[in-house]
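Chemist: coordinates only, sequence not included:
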């Protein structure tokens, strides 16, 4: 999962209707392919989903979904002048949201509010706030 913060807002996506968990709000990211490192998968997924080049900074959290998938949450940076462009095959739309705005959203993957709670409770430390 790509944890990308700009102007105290977290980059989130609404998944397209043609992928698993269609229409769900989440952070951008995807499956690590055979032979990939987590960092390489993060860079590839950000290019595929949002046509952006990111620089992985550090792993900030791991979690497990209710269906048993382990998620790696990577803090990453992107140049300030870069504007994401959603790949419609994977992403219906993207948003830069504060934690308060995320909490008000509907139809999200359960991992997203868990991530926000972990940040707010101090289990995850980010060098940036949102």
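Modeler: That came in fine, so what should we check first? It should be emphasised that the depicted structure is a prediction, and the values quoted were computed from it without experimental measurement.
Chemist: Tell me the helices and strands packed up against the helix ranked longest in the chain.
Modeler: Looking across the chain with DSSP state H, the single longest helix is helix 38-50. Contacts defined by 3 or more C-beta pairs under 8 Å, 6 or more residues apart in numbering; DSSP states H and E place helix 38-50 against strand 2-3, strand 9-15, strand 55-64, strand 70-77, strand 91-97. Heads up, the C-betas are built off the backbone N, CA and C, glycines and all.
Chemist: Now with 7 Å, please.
Modeler: Helix 38-50 sits against strand 2-3, strand 55-64, strand 70-77, strand 91-97, with contacts defined as 3 or more C-beta pairs under 7 Å, 6 or more residues apart in numbering; DSSP states H and E.
Chemist: Can you check what angle separates it from strand 9-15?
Modeler: 70 degrees (axes from the mean of the first three to the mean of the last three C-alpha atoms, to 10 degrees).
Chemist: Check which residues of helix 38-50 are buried.
Modeler: 39, 41-43, 45-46, 49-50 (16 or more other C-beta atoms under 10 Å).
Chemist: wait, which of these is closest to residue 18?
Modeler: Nearest to residue 18, judged by C-beta to C-beta, of these is residue 49 at 12.9 Å.
Chemist: Verify the stated contact: that closest one with residue 91.
Modeler: Yes. With contact defined as C-beta atoms under 7 Å, residue 49 and residue 91 form a contacting pair (5.1 Å).
Chemist: follow-up on the earlier one: how far is the longest helix of the chain from where the chain is centred?
Modeler: 10 Å (C-alpha atoms, centre = their mean, to the nearest Å).
Chemist: Quick check: mean pLDDT of that helix?
Modeler: Per-residue pLDDT over helix 38-50 has a mean of 98.
Chemist: Many thanks, have a good one.
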